[in-house]
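> Quick one: sequence plus predicted model below, questions after.
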Amino acid sequence: RRCCRGSCDQGVASTSLPSTSEPGRHRKFRRPDGRTGSLPMPEGHTLHRLANRQRKLLGGKTVAVTSPQGRFAEGAALVDGMVFYTAEAWGKHLIQRYRQTARTQRGERLIHVHLGLYGAFSEQASPMAPPVGQVRMRIEAADIGVDLRGPTACQIYTPADLDALIARLGPDPLRRDAEP
């Protein structure tokens, strides 16, 4: 079997890592258990599937958000203890929406994630094991948790930031609200 439905020579079960001289084709991937492999770069449909998965797993739940790596510590603190309201994709960008609880009183907050070549989410049951590797953001609900490793972008967004991103990207034909 080929990984890109026959469009490349990288085998699905290959243990060799792809060359980085072919941007956009494959990315290195290190699993939490330390094994490595290669996966195709995430495209828009992958992000839509990921947003749906996060909505199902975390939607409506109060979550603890941390940054074990420390690079997103300030952003994580802004949404820690809030309700994970929803996740949505726009092209290759993932937007997570968090809403206030009686305890937080912070209004709505947005997190923008762009996985780039190396970013990946992984899931595990709560309580989560100590982080392995460079975990940029950890989202943990009472029953399930999600770790984000290696994204190109993971940042707090304002509604104006989101509007500017959407204006720059243009329409996403995969969205349900897309105009034909």
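Sure thing, it's come through.
> Any idea what the residue nearest to residue 62 when sequence neighbours are not counted is bridged to?
Closest residue to residue 62 apart from its sequence neighbours, by CB to CB, 6 or more residues apart in numbering: residue 83 at 5.4 Å. Where you see a C-beta, it was placed from the backbone N, CA and C, and this is true even at glycine. Bridge pairing for residue 83 (DSSP bridges) gives the partners residue 62, residue 99.
> do the one 4 residues further on as well
For residue 87, the beta-bridge partners under DSSP bridges are residue 96.
> quick revisit: okay, now the residue nearest to residue 62: neighbour count?
As a burial measure, residue 83 scores 20 neighbours (other CB atoms under 10 Å).
> same check, this time on residue 177
Count around residue 177 with other CB under 10 Å applied: 7.
> Tell me where the protein has helices.
Ranges of helices within the chain are 44-58, 73-79, 159-169, based on DSSP state H.
> ok, and what's touching the longest one?
Read that as helix 44-58. 42, 84, 86-89, 91-94, 96, 115, 121, 123, 139, 141, 144, 146, 172, 174-175 (CB atoms under 8 Å, 6 or more residues apart in numbering).
> sorry, back to before: reformat the helices of the chain as a markdown table; add mean pLDDT and distance to residue 127.
Below are the helices of the chain laid out as a markdown table (pLDDT from 0 to 100; distance: least, CB to CB, whole Å):
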| stretch | mean pLDDT | distance to residue 127 |
| --- | --- | --- |
| helix 44-58 | 90 | 16 |
| helix 73-79 | 97 | 18 |
| helix 159-169 | 88 | 33 |
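> show me where pLDDT drops low in the chain?
Along the chain, segments meeting pLDDT under 70 span 1-44, 103-105, 172-176, 178-180.
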